[in-house]
Structure formats: C-alpha cells, structure tokens
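Undergrad: the amino acid sequence is not available; the structure is as follows:
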C-alpha cells in the first residue's frame, strides 16, 4: 500500500487477461501510486482519458495534479517535462499521434537526449515520452506515421516498442523507473489486442525476446509486426519450414547478443517493419546482422517493410502494411538446398 495525494492507494499484483491499452493504463496507475514524483500529462489525457482512452480514470483517481491536460503545444509539453525532470520529478508525457510529436522534436534532441551528457550526469532526464504510432486503424496521414528511426538515431535516448500486453506493462514500468529518457512507441493497431499480464513480472531495458523457437530461418520484428511474423511462422510450419521469431522490442539500445545468436543458429534472416525501408531501423538491423553473422549466413538478409512513400489513405493501407504473405515471400526467396535439388 502506498500514498498518493494523501490518499491510501493499493497496488496489489494482478494476473489476468487484458488489452494492451488496459495494460498501459495499469502501468501508469501503479507508477503514480508508488512514486509521488511521477506525473502524467498531455493533450486531453485528463478528463477525456486520451484519444485512445489510455489514461482513462487516472485524473479522477489521483487528482489533476498527477494527471492533467495541457494546451495543444507539443514543444511546450516537452519543455515543461524538461523543467520538471531537472527539478527531480518523473514526467510521463503523451503525444497524441506520432507525427504530432514532431514540433517537440527539437526539445527531444537538443535537451532531453543531451542533458545527462552535457552535465556529466549531474542532471538526468527521467522522462518517458509515450507516442501512439503506426498504421492499421484506418487513419489519415499525420495519424499513422512510423518515425522510430528519428529517435533511434539520436544518442541518449532509449527507444522501446512492445508487441504484447505483458511487455506493454513491464517495459513501461521499467521505462518510468529509468533515470534516463525513454521514447515509448505504442502500436495503435495492438491497443485492443489481448493477452495475459502479470504485474509482478519485470523487464530489462535493452533486451530482445524470443517469441517463437525455430531452426530454419529467423524473422526479426518489432511492435505491430510481431503478430504478423508469428502468423507467417504458423503458415510456414504447415508447409514444413521452422521459423524462429525474435521480438526486437528495444530499438535502442539494440540487443545484438540475442539477435546474433538467433541468426547464427538458423543461417537465414528476414527483417520485418512497417516503416519505410530506406534509412530505417530495418536497414540498421539488416546491417548489424550482416556485420556479425556474415560467415554463418546461407542467404542474403531480406527486408519486408512499408513503402518509401507517405502513409497510404485508409482504403489502401492494407497494401502498404507488410502482411504474412509478404513475409512468406521473403522467406521463400532465400536459398534453400531442398528446392535447389528439385
């Protein structure tokens, strides 16, 4: 039992099925209850509970000084978070949509990511920047972007993206507890996906997860593309291929050890991401695999990504987003001894 606003708040461990949205809400509630320095704020996160209702009930439960609305000014939101962090608080800010975060990007790069290094650790930035991102909801442009490469390219930021409700809870709790800034990318497509969540389970930042064991080929994916990779693996299994799926989940820092071991064990790899492929996280993963696994590879490392265009209109997004068929095509394009001898 902990205290929040002089009100006794219970945060018992919970084990049960919940959506990813509910898991994130629970993580925020538990963090607020357990740490008086944690505050949650952003556009419409208070009374409305956010456009996706992720913060629903937090303002009512903990008060408007712990979860509150801000003006429609992302740079102001981020600048406020920087000031709070410099004075010992742990702000968790929400950017309504991925592209809406771009007005705050200068603050993130110039101050959030650099302050710890600039002050030789005297001023840390325990800020979590929550960003709903990606497609799959029939949204229009500016509402379905995948800008993870911008953040992963910025030294000083930890960049995470969960693919399961359990990881959404555990990774967000770890992010809020971190003394350094974290960009937490939430796949909108998976907000209503369900899974088992144990709130006693912890997660280490900077680690990948083996989502499925396999021996023939390794598929590396993150966020909303993990279920796509798992679907492809199921279909491949019915056709006699054993597909290993690695949920990268930490884009920066990157878990080279887990990924390298996985690819070396199969000798083949496919990288799956919904963002455009050019100068992307997918291309960085591909390069790292080539550098560390070249002598183990039986075939080139393939990528399956979104197209190098602005995000498609709602009626066309199913053509834009990678699906299981495109992943299976990439797997089939690898060199297979059994097919070479037919």
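TA: On my side now, so go ahead. Quick caveat: nothing in here was measured; it's all calculated off a predicted structure.

Undergrad: and the gap between residue 151 and residue 301?
TA: For residue 151, the distance to residue 301 (C-beta to C-beta, to the nearest Å) stands at 23 Å. Heads up, the C-betas are built off the backbone N, CA and C, glycines and all.

Undergrad: point out where the stretch 201-342 of the chain drops to low pLDDT.
TA: 338-342 (pLDDT under 70).

Undergrad: and for the closest residue to residue 244 other than its chain neighbours, the neighbour number?
TA: Distance criterion C-beta to C-beta, 6 or more residues apart in numbering; nearest residue to residue 244, sequence neighbours excluded, is residue 214 at 3.2 Å. The tally of other residues near residue 214 (other C-beta atoms under 10 Å) stands at 20.

Undergrad: what sits against residue 214?
TA: 233, 242, 243, 244, 245, 266 (C-beta atoms under 8 Å, 6 or more residues apart in numbering).

Undergrad: among these, who's most crowded?
TA: Among these, the one with the most neighbours (other C-beta under 10 Å) is residue 245, at 28 neighbours.

Undergrad: quick check: bridge partners of it?
TA: Following DSSP bridges, residue 245 is listed with bridge partners residue 212, residue 219.

Undergrad: go ahead and confirm it touches residue 233.
TA: Yes. Residue 245 is within contact range of residue 233, at 5.5 Å (criterion: C-beta atoms under 8 Å).

Undergrad: any common contacting residues for the two?
TA: Common neighbours of residue 245 and residue 233, counting by C-beta under 8 Å, 6+ apart, are 212, 214, 219.

Undergrad: can you put these in TSV and add distance to residue 106?
TA: Converted to TSV, the shared contacts of residue 245 and residue 233 look like this (distance: C-beta to C-beta, whole Å):
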residue	distance to residue 106
212	40
214	43
219	36
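
Undergrad: ok, so of those, who is nearest residue 51?
TA: Closest approach between the shared contacts of residue 245 and residue 233 and residue 51, by C-beta to C-beta: residue 219, at 31.9 Å.

Undergrad: how about the closest one, what does it touch?
TA: By C-beta under 8 Å, 6+ apart, residue 219 lies in contact with 229, 232-233, 243-246, 269-272, 327, 331.

Undergrad: recalculate using a threshold of 10 Å.
TA: For residue 219, the contact set (C-beta atoms under 10 Å, 6 or more residues apart in numbering) comprises 211-212, 225-226, 228-230, 232-233, 236, 243-247, 262, 266, 268-272, 302, 304, 327, 330-331.

Undergrad: okay, and which of these map to helices?
TA: In this view, the contacts of residue 219 that belong to helices under DSSP state H are 225-226, 228-230, 232-233, 236, 262, 266, 327, 330-331.

Undergrad: among those, find me the one that's closest to residue 255.
TA: residue 262 (9.9 Å).

Undergrad: surely the closest one and residue 270 touch.
TA: No. Look at residue 262 against residue 270 with C-beta atoms under 10 Å: they stay out of range, at 11.8 Å.
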